[in-house]
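*Asks:* Predicted model follows, preceded by the sequence.
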Amino acid sequence: MNLDSKIPEGRLEDKWRNYQVKSQLINPANKKKLNVIVVGSGLSGAGAAATLAELGYDVQCFCYQDSARRAHSVAAQGGINAAKNYQHDGDSVWRMFYDTLKGGDFRSREANTYRLAELSAPLIDHYVQQGVPFAREYGGTLINRSFGGVQVQRTFYARGQTGQQLLLAAYSQLYKMIRAKKVKMFPRSEMMDLVVIDGKAKGIIVRDLVSGELKRFAADAVVLATGGYSRVFRLSTLAIGCNGSAIWKAHKRGAYFAAPSFTQIHPTALPQSSEAQSKLTLMSESLRNDGRIWVPKKKNDDRKPNAIPEEDRDYYLERRYPSFGNLAPRDIASRAAKERIDAGYGIGRLKNAVYLDFKHAIERFGLETIKDRYGNLFNMYKKITGIDAYTTPMMISPAAHFSMGGLWVDYELMTTVPGLYAIGECNFSDHGANRLGANSLLQASVDGYFILPNTINNYLASALKEEHEDVDHPEFEKVESEVNAYLDRILHVNGTKTVDHFHRELGKIMWQECAMSRNQSGLEEAIQKIKQLKDDFWNDVKVTGKSNGLNTELEKAYRLADFIELGILMCTDALEREESCGAHFREEYQTQDGEAVRVDDKYSYVAAWEYNKGDFQLHQESLVFEYVKPTERSYK
């Protein structure tokens, strides 16, 4: 298949406007004849469902949680970026575009990245009008703070709960449309498979998580807004229920999967404390604005942190990256922490953490100012650890976090399956090989509120002239029977090991061989180990209960089955890309100082993988840089 990215003509700053001018329109009366399915109700899903309903479409929205308010967007703490230049520190749309492109190590499309920066400013106005309580200066002006990978202040925030406040705003818009009967909401419902008729996405098969009943839903277009897949590592900052099954099922039905190995390790999570742990807790990257990261200069130093004098502390980010210091991008900060920990300078009971210290910030700004900026984060830290971080440095450690990879989409956010769209974190489109902090809430929001509602018309205009398939079509029956057989197969293995056992093993392999650093032999070995793990799973997993009722063990099992297959693809993608870029760090491609070495002449492309009966075929979308010349990504 020829990968047509559909990038509009014209100057970079004119492309989005040119696209909108030439887009097809659908009159209000005809919109009422069209139905759109939205899977997911986080920031991107809720924004898309509410906006499409406002435009007049009939919308069905699905989430596996009991309420859209529980979507994982709530966990994004630190802020949302926008190029408004309120601080008059030299920011602009162009600078934000360049920071994002550079932050992603020049592995994303110029046009998509510029559009992200261009739409950031009106998005803040949009949220203010919805009542989001962004932090403000004394005079009432919205205030900004810095985030990793930039040298300006462009991050808008609501203390350390920005994601929660944005989600509440999106939730209110969604439920306004539900009350108006323009959106039909299906909570506790999980997409099990995609229905493709004559090559086009026409519906989904859904499992009611309470009754276990399989249901069919037809539509003229399907929008996936299902978030990231970093639970493939098992221990991650994601909620336990987060999974990659919806996009994986779409991948197996023909949607190409792009850059699957581009998964981000966040530098500021609470360290793992035991094997029994099921997830890791994220501490907002915004803490790196005022906190200083350090380790003892002496290996295995067991002194209490406050007993270690300044001359015995190594502020390693400030030492290695003086231009950016503690605000170095996430991939660089995470690898630097790993290097110190592996070298024997880690702290804590398991020697797997580093310190994040606010002593100097409190001395400079005062305790009340720090409480005002980060109070809820400090309270959360104390509730979990019992330690008062105002007086004792926090202990933090890298953890699996965001997925830059996802379903391949064109400029319109449509996948390689016509009529199937992917928005927010479940697509690959904007972040390249490394997402800059505070760009996640931004992408999810603009995809759902601003981009998709303007691009889906081009497809739906043609759908008006086609027959509207209903759930009685033979393909719906065929796919539903396949899902039933799949669930029965899992339940009838009747082995001896739990789902958690297999997930723990998968997580160990992925974290060791396909996380912060990778190498050829490790990846080749990982692929073989995961394939063996897949065989073991299907021969020895024990899933109790039945499919016709509430069964959380069954939910974990079919999600893990998809994670195992996804893990093979992630390692395959990482093995194929013989360079280091962003979060993808191949040990064979680094400088003497341990910095990444890109190979632009061979790997300046988006890797889009096609599923082919258990194997994967690579397709390449060349990245052409007309406006920015890729340079060495230096933060020193």
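*Replies:* Looks like it arrived, so ask away. Numbering: from 1, shown residues only.

*Asks:* burial measure for Leu464, as a count.
*Replies:* For Leu464, the neighbour count with other CB atoms under 10 Å is 14. Quick note: C-beta positions are derived from backbone N, CA and C, even for glycine.

*Asks:* what's the pLDDT at Leu464?
*Replies:* We note a pLDDT of 89 for Leu464 in this prediction.

*Asks:* Could you find the closest non-adjacent residue to it?
*Replies:* Asn30 (5.7 Å; CB to CB, 6 or more residues apart in numbering).

*Asks:* how much space is there between Phe476 and Ala219?
*Replies:* 12 Å (CB to CB, to the nearest Å).

*Asks:* returning to what we had before: tell me which element the residue nearest to Leu464 falls in.
*Replies:* Using DSSP states H and E, Asn30 falls within helix 28-31.

*Asks:* Ok, Ser172 next?
*Replies:* Ser172 belongs to helix 162-179, assigned by DSSP H and E.

*Asks:* one step back: in the helix holding Asn30, which residues are buried?
*Replies:* For helix 28-31, a neighbour-count test (16 or more other CB atoms under 10 Å) marks Lys31 as buried.

*Asks:* Next secondary structure after that helix?
*Replies:* Past helix 28-31, the next helix or strand by DSSP H and E is strand 35-39.

*Asks:* Strands along the stretch 201-350 of the chain, start to end?
*Replies:* 214-218, 221-224, 257-258, 263-269, 292-296, 313-314 (DSSP state E, counting those that start in this stretch).

*Asks:* need those in TSV with mean neighbour count, can you?
*Replies:* Formatted as TSV, those follow (neighbours: other CB atoms under 10 Å):
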stretch	mean neighbour count
strand 214-218	19
strand 221-224	29
strand 257-258	28
strand 263-269	28
strand 292-296	23
strand 313-314	18
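
*Asks:* Just give me the longest helix of this protein.
*Replies:* Counting by DSSP state H, the longest helix found in the chain is helix 552-576.

*Asks:* Could you quantify the relative orientation of it and strand 263-269 as an angle?
*Replies:* 110 degrees (axes from the mean of the first three to the mean of the last three CA atoms, to 10 degrees).

*Asks:* packing partners for helix 552-576?
*Replies:* helix 245-252, helix 474-491, helix 499-513, helix 520-540, strand 605-612, strand 615-622 (3 or more CB pairs under 8 Å, 6 or more residues apart in numbering; DSSP states H and E).

*Asks:* please redo it, this time with the cut-off set to 6 Å
*Replies:* helix 245-252, helix 499-513, helix 520-540 (3 or more CB pairs under 6 Å, 6 or more residues apart in numbering; DSSP states H and E).

*Asks:* picking that back up, got the strands of the stretch 201-350 of the chain as JSON lines, with mean pLDDT and distance to Asp331 columns?
*Replies:* Converted to JSON lines, the strands of the stretch 201-350 of the chain look like this (pLDDT from 0 to 100; distance: least, CB to CB, whole Å):
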{"stretch": "strand 214-218", "mean pLDDT": "98", "distance to Asp331": "39"}
{"stretch": "strand 221-224", "mean pLDDT": "98", "distance to Asp331": "26"}
{"stretch": "strand 257-258", "mean pLDDT": "98", "distance to Asp331": "18"}
{"stretch": "strand 263-269", "mean pLDDT": "96", "distance to Asp331": "7"}
{"stretch": "strand 292-296", "mean pLDDT": "98", "distance to Asp331": "15"}
{"stretch": "strand 313-314", "mean pLDDT": "98", "distance to Asp331": "20"}
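
*Asks:* for those strands, which one sits closest to Gln129?
*Replies:* Nearest of those to Gln129, taken as CB to CB: strand 221-224 at 23.9 Å.

*Asks:* which outside residues touch the closest one?
*Replies:* Outside strand 221-224, the residues within contact range by CB atoms under 6 Å, 6 or more residues apart in numbering are 36-39, 48, 201, 246, 419-422, 426.

*Asks:* average model confidence for stretch 559-574?
*Replies:* The average pLDDT within stretch 559-574 is 98.

*Asks:* Please apply the same query to stretch 534-551.
*Replies:* When pLDDT is averaged along stretch 534-551, the result is 97.

*Asks:* so how far is it from its chain's centroid?
*Replies:* 28 Å (CA atoms, centre = their mean, to the nearest Å).

*Asks:* Buried residues in that stretch, which are they?
*Replies:* Residues 534, 536-537, 541, 543, 547, 551 are the ones in stretch 534-551 that count as buried (16+ other CB under 10 Å).

*Asks:* can you tell me the distance between the two ends of that stretch?
*Replies:* Start and end residues of stretch 534-551 are separated by 22 Å (CA to CA, to the nearest Å).

*Asks:* And stretch 534-547, by the same measure?
*Replies:* 21 Å.

*Asks:* what's next to that stretch, contact-wise?
*Replies:* By CB under 6 Å, 6+ apart, stretch 534-547 touches 212, 487, 490-491, 493, 495-497, 502, 551, 553-554, 557, 564.

*Asks:* repeat that with 10 Å
*Replies:* 207, 212-214, 483-484, 486-499, 501-503, 505-506, 551-558, 560-561, 564-565, 567-568, 614 (CB atoms under 10 Å, 6 or more residues apart in numbering).

*Asks:* Repeat that for stretch 6-22.
*Replies:* 23, 93-94, 97, 109-115, 118-119, 409-412, 414, 450-451, 454-455, 458, 624, 626-628.

*Asks:* Check stretch 609-616 too.
*Replies:* 1, 248, 250-260, 405, 408, 416, 531, 534, 565, 568-569, 572-573, 576, 607, 617-619.

*Asks:* gap between the two ends of that stretch?
*Replies:* Stretch 609-616: ends 6 Å apart by CA to CA.

*Asks:* Distance from the chain centre to that stretch, please.
*Replies:* Taking the mean of its C-alpha atoms, stretch 609-616 sits 23 Å from the chain's own mean (CA atoms, centre = their mean).

*Asks:* re earlier: just the angle for the longest helix of the chain relative to helix 474-491, thanks.
*Replies:* Using the same axes, to 10 degrees, helix 552-576 lies at 100 degrees relative to helix 474-491.

*Asks:* tell me what the very next helix or strand once past helix 552-576 is packed against?
*Replies:* Sequence-wise, the next helix or strand downstream of helix 552-576 (DSSP H and E) is helix 600-603. Helix 600-603 sits against no helix or strand, with contacts defined as 3 or more CB pairs under 10 Å, 6 or more residues apart in numbering; DSSP states H and E.

*Asks:* Report the mean per-residue pLDDT for helix 600-603.
*Replies:* Rounded mean pLDDT across helix 600-603 is 97.

*Asks:* buried sites along it?
*Replies:* If you call a residue buried by 16+ other CB under 10 Å, then helix 600-603 has these buried ones: Tyr603.

*Asks:* outside of that helix, which residues touch it?
*Replies:* 106-107, 576-579, 581, 584, 589, 620, 623, 625, 630-631.
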